[in-house]
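Student: Here is a sequence with its predicted model. Questions after.
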Protein chains: 2
Amino acid sequence: MVTGRRFGDGGDMRYSEHVKQDRLWDRLMDLAQIGATAKGGVNRQALTQEDGTARRMLADWALSRGFSIFQDEIGNLFVRRSGQDDTLPPVTTGSHLDTQPTGGRFDGAYGVMAGFEALEALEDAGALTKHPVEVVAWTNEEGARFPPSCMGSGVYTGRYSLEWAQAIRDPEGMSVGEALVSVMARTEDARPRDFGAPLAAYIEAHIEQGPVLVTEGETIGVVTSVQSQNLFEIEIFGEEAHAGTTPRANRSDAVLAAVEVIARLEKEALDDADAMRFTVGRFIAKPGAPNTVPSHVTFTIDLRHPENAEIERMSDLIGRLPATVAGARRCRAQVKRLSDSPVTPFTPEIVDLIDECRLALGLPGRRMPSGAGHDAMYIPPLAPTGMIFVPCVDGISHNEAEDALPEDLAAGARVLADCLAELAG
Amino acid sequence: MVTGRRFGDGGDMRYSEHVKQDRLWDRLMDLAQIGATAKGGVNRQALTQEDGTARRMLADWALSRGFSIFQDEIGNLFVRRSGQDDTLPPVTTGSHLDTQPTGGRFDGAYGVMAGFEALEALEDAGALTKHPVEVVAWTNEEGARFPPSCMGSGVYTGRYSLEWAQAIRDPEGMSVGEALVSVMARTEDARPRDFGAPLAAYIEAHIEQGPVLVTEGETIGVVTSVQSQNLFEIEIFGEEAHAGTTPRANRSDAVLAAVEVIARLEKEALDDADAMRFTVGRFIAKPGAPNTVPSHVTFTIDLRHPENAEIERMSDLIGRLPATVAGARRCRAQVKRLSDSPVTPFTPEIVDLIDECRLALGLPGRRMPSGAGHDAMYIPPLAPTGMIFVPCVDGISHNEAEDALPEDLAAGARVLADCLAELAG
């Protein structure tokens, strides 16, 4: 896949020179208007009207540059710049356009627009590549509205079935399948794309979402792997009762049972190395009336660690403890493991290529694992895969205050453009 | 207020003979259709369209019997059967038409319809009373959608200001003031009523919502007092962060702070006598995405006990502990006491009258405190006050399975009719 040719052989391959920092920044700011929040962030959750508007904007940009667009049945949207032989599998880059409910302007959007900037750079240079080069906007990477995360890439790569994903409902009861209909109609001019269509290679650019690069004063993170990440949904079933008249001995209080489960699991997750990531991001209590003993709680646990053994220890506890605690409190518990990704190493040849492109451009950087999950983690079974990180201000992400510097974002797009050109031949 | 005349003096005062069990039951079942749930309960939360429909139904029943209707600015709806001297303050009964989100058919609705049945019994008997006799449907007794509970009676009696109540918002952001406009328009034919207009006396009928009467095989609870009840709203403020990349040491996790607060307070509330009622009925975590460290939690504590001293001990802790726990976890806490009712004794003369009417009808019963709060607890500063309890099946309430026997409900209405007639002269 990766040829022996490297940058420095000849100036003609440095498509990175055609990357335009201002164009990339302006496109990112245009996108950030869609779902913009008062605090300067973005609320553009998957398969909302805002998500559809952002997808349509990307499609229009693509068509205006003469690129073609495709979408598959889970709504992954592909922008293609043709190669000399379009029967060859595409060299693909991309990320996602959906955000957290109180997300930032760069998480996901940067990877899509850095990829689009790379395509524009190739176009501006009149590059002739053997393989087509593509940018993909994967559907529902965040999993905020519809857990689990990385749904679009998961379905594309066969990790999840389309039917399973379509049946998932948001807290208001709308299903992915229902939400897809109106969002995909916005880009109905896209040609159909099959799930699992082969890729020649996949490289995703992303803000780091953590403090390493910014602390070390470096510009490019060459990502070697993604840590293990797991999502559990725990339900506790109790019994409604009057808060004023029902003695404790007669109660089946779902909130107090859930509180004990979480308090005990948090204690088990404490580690001196501070490597375990234990997060209860969603906690929904019903019926939710102040003077009724609550009968039902749903909460999630997002669990991550760089070592599979630690994940297995905690997963085992999460599987067992809720039933024990709930039982002692006259409640019932049910635990579902919604996602389960072991440590994902990226492809050594791609990691090397990214590092070489970075060095050729004279950019300071380092090899590092990813603390966050990304669509890229599902691609290795299908194609050689890697990721490029750029710094974000103060390491803050999943927050409306998320920020990044235009020059860092452009640097990442330059490394990406050179990698894609090299891979596309 | 209460004259020396008692039942047994002469048969002419036994208006209870005109109470019709089937009519009362049928009206209750008609009301239960409004907001009926699949599980046989009722979801008719305060100031919803369903609430408006129930109020209109009561108004139509009233007008069809020649009674007149009034409403005040918080939406309390009064049905009046005129007395010989309508300048005298009315003898009033009533309860509420709103329910819990997963409430039953009798909580509140019974008190309104038992009162209406008493008015109909007086009407059928052609009774001439000195005072007018009224049934009131107080607005928002449950406080499920808009805490605190007993809002309508609280505003009527001057405990809360109208402006304060109007500004309270439901979790979707709609205010009481906004919701009142459309609901009150349904009964715009009602004449205006001033807050705090004097009452000659107030008696509220209600299902017990607890297990005492049903366990003892008794029909009438003569309520002597309402236990102390208190509602707190606690907010924890943290900081959003990425669940995969943010080390524990850098997190301000509002859910884990709230969990520790609740777990520690629950431990403090444990008592051998099982007299403390500690309920966290609402717990809202935001932004609510599984892979974002949550930045904000709001939860409520409903706290009740028959002794004021125990309430003060716990209230003091609830005031202090959240800030301590949150501070140690890099979060901030804010505690609001939304309601605060000490033990409320009812008027001895009214309690005696109810007990005498019960005995005159040969009904088994007992004097007892109320475990639940009711609108009646705000009336004593305004008028002599009492309550009549009837059994509910298995003591279950605030639950769609809430049930009661037609003969018990009719028995309560008979006691009520005789008491009202006696008080109205």
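Tutor: Nice, thanks for sending it over.
Student: Ramachandran coordinates for A:Pro211?
Tutor: Note on A:Pro211: backbone dihedrals following degrees, to the nearest 10 are phi -90, psi 0.
Student: my guess is it contacts A:Phe389, does it?
Tutor: No: under the criterion of Cβ atoms under 8 Å, A:Pro211 makes no contact with A:Phe389, lying 11.8 Å away. (C-beta placed from N, C-alpha, C; glycine too.)
Student: So for the two, which residue has more residues nearby?
Tutor: Counted by other Cβ atoms under 10 Å in any protein chain shown, A:Pro211 and A:Phe389 do not tie: A:Phe389 has more neighbours, with 29 against 18.
Student: Am I right that the more buried one is in a helix?
Tutor: No: residue state for A:Phe389 (DSSP: H, G, I helix; E, B strand; the rest coil) corresponds to strand; a helix is not indicated.
Student: How about stretch A:242-252 and chain B, touching?
Tutor: Yes: judged by Cβ under 8 Å from any Cβ of the partner chain, stretch A:242-252 and chain B are in contact via A:His242, A:Ala243, A:Gly244, A:Thr245, A:Thr246, A:Pro247, A:Arg248, A:Ala249, A:Asn250.
Student: Quickly note the distance from the third one to B:Ala275.
Tutor: Right, the one you point to is A:Gly244. The gap separating A:Gly244 from B:Ala275 is 12 Å, by Cβ to Cβ, to the nearest Å.
Student: So for those two, which sits in the more crowded spot?
Tutor: For the pair A:Gly244 and B:Ala275, the greater number of neighbours falls to A:Gly244 (25 against 15), based on other Cβ under 10 Å.
Student: Give the residue spans of chain A that score low on pLDDT.
Tutor: By pLDDT under 70, the weakly predicted segments of chain A are A:1-13.
Student: Do a quick rundown of the strands in the stretch 151-300 of chain A.
Tutor: Counting by DSSP state E, counting those that start in this stretch, the stretch 151-300 of chain A forms strands over residues A:191-192, A:201-207, A:220-226, A:228-237, A:241-242, A:277-279, A:283-286, A:292-293, A:296-305, given from the N-terminal end onward.
Student: got JSON lines for those strands, with mean neighbour count and distance to A:Gly158 too?
Tutor: Formatted as JSON lines, the strands of the stretch 151-300 of chain A follow (neighbours: other Cβ atoms under 10 Å in any protein chain shown; distance: least, Cβ to Cβ, whole Å):
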{"stretch": "strand A:191-192", "mean neighbour count": "9", "distance to A:Gly158": "17"}
{"stretch": "strand A:201-207", "mean neighbour count": "29", "distance to A:Gly158": "15"}
{"stretch": "strand A:220-226", "mean neighbour count": "24", "distance to A:Gly158": "18"}
{"stretch": "strand A:228-237", "mean neighbour count": "23", "distance to A:Gly158": "19"}
{"stretch": "strand A:241-242", "mean neighbour count": "26", "distance to A:Gly158": "46"}
{"stretch": "strand A:277-279", "mean neighbour count": "26", "distance to A:Gly158": "27"}
{"stretch": "strand A:283-286", "mean neighbour count": "22", "distance to A:Gly158": "31"}
{"stretch": "strand A:292-293", "mean neighbour count": "28", "distance to A:Gly158": "44"}
{"stretch": "strand A:296-305", "mean neighbour count": "25", "distance to A:Gly158": "23"}
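Student: And the buried ones among the residues of stretch A:242-252 next to chain B, selectable in ChimeraX?
Tutor: In ChimeraX, the members of the residues of stretch A:242-252 next to chain B classed as buried (16 or more other Cβ atoms under 10 Å in any protein chain shown) are selected with the following command:
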select /A:242,243,244,245,246,247,248,250
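Student: Please flag which of the residues of stretch A:242-252 next to chain B sit within helices.
Tutor: Nothing among those maps onto helices, per DSSP state H.
Student: who are the neighbours in contact with A:Gly221?
Tutor: Contacts for A:Gly221 were tallied using Cβ atoms under 8 Å, 6 or more residues apart in numbering or on different chains; they are A:Glu208, A:Val212, A:Leu213, A:Gly365, A:Arg366, A:Arg367, A:Met368, A:Ile388, A:Phe389, A:Val390.
Student: what's around the second one, how many residues?
Tutor: By the criterion of other Cβ under 10 Å, A:Val212 has 17 neighbours.
Student: which one is A:Val79 nearest to, not counting chain neighbours?
Tutor: Spatial nearest neighbour of A:Val79, excluding adjacent residues (Cβ to Cβ, 6 or more residues apart in numbering or on different chains): A:Ala62 at 4.1 Å.
Student: and that neighbour, how far is that from chain B?
Tutor: Taking Cβ to the nearest Cβ, to the nearest Å as the measure, A:Ala62 and chain B are separated by 29 Å.
Student: Just confirm that residue contacts A:Phe78, I think it does.
Tutor: No: here A:Ala62 lies out of contact with A:Phe78, judged by Cβ under 8 Å, at a distance of 9.3 Å.
Student: which one of those two has more residues nearby?
Tutor: More crowded of A:Ala62 and A:Phe78, by other Cβ under 10 Å: A:Phe78, with 25 against 22.
Student: part of a strand, is the more buried one?
Tutor: Yes: under three-state DSSP, A:Phe78 sits within a strand.
Student: Around A:Gly126, count how many other residues there are.
Tutor: Around A:Gly126 there are 7 other residues, counting by other Cβ under 10 Å.
Student: which residues does A:Ala263 contact?
Tutor: When the contact criterion is Cβ under 8 Å, 6+ apart, the partners of A:Ala263 are B:Val259, B:Glu260, B:Ala263.
Student: Oops, could you answer that again for A:Leu317 instead?
Tutor: By Cβ under 8 Å, 6+ apart, the contact list for A:Leu317 reads A:Leu265, A:Glu268.
Student: how near is it to B:Ala258?
Tutor: A:Leu317 is 21 Å from B:Ala258, by Cβ to Cβ.
Student: A:Gly327 too?
Tutor: For A:Gly327, the distance to B:Ala258 (Cβ to Cβ) stands at 24 Å.
Student: Return the nearest residue of the stretch 51-200 of chain A with respect to chain B.
Tutor: Closest approach between the stretch 51-200 of chain A and chain B, counting by Cβ to the nearest Cβ: A:Ala144, at 3.7 Å.
Student: Does that residue belong to a helix, a strand or coil?
Tutor: Criterion first, three-state DSSP; result for A:Ala144: coil.
Student: Mind telling me what element the nearest residue to A:Gly319 once chain neighbours are set aside is part of?
Tutor: Nearest residue to A:Gly319 in three dimensions, chain neighbours excluded: A:Val335, at 5.6 Å (Cβ to Cβ, 6+ apart). When secondary structure is defined using DSSP states H and E, the element that contains A:Val335 is strand A:332-341.
Student: Any part of the following helix or strand past that strand near chain B?
Tutor: On the C-terminal side of strand A:332-341, the closest following helix or strand by DSSP H and E is strand A:344-345. No: when contact is scored as Cβ under 8 Å from any Cβ, no part of strand A:344-345 falls within range of chain B; the minimum is 12.6 Å.
Student: Which strands or helices does strand A:344-345 pack on?
Tutor: Counting contacts by 3 or more Cβ pairs under 8 Å, 6 or more residues apart in numbering or on different chains; DSSP states H and E, strand A:344-345 is packed against strand A:220-226.
Student: centre of the chain versus the strand it packs on, how much separation?
Tutor: Computed by Cα atoms, centre = their mean, to the nearest Å, the separation of strand A:220-226 from the middle of its chain amounts to 15 Å.
Student: so who does the residue lying farthest from the centre of chain A touch?
Tutor: Ranking residues of chain A by C-alpha distance from their mean position (Cα atoms, centre = their mean) puts A:Thr245 at the top, at 47.7 Å. Under the criterion of Cβ under 8 Å, 6+ apart, the contact partners of A:Thr245 comprise B:Glu208, B:Gln209, B:Gly210, B:Pro211, B:Arg277, B:Gly371, B:Ala372, B:Gly395, B:Ser397.
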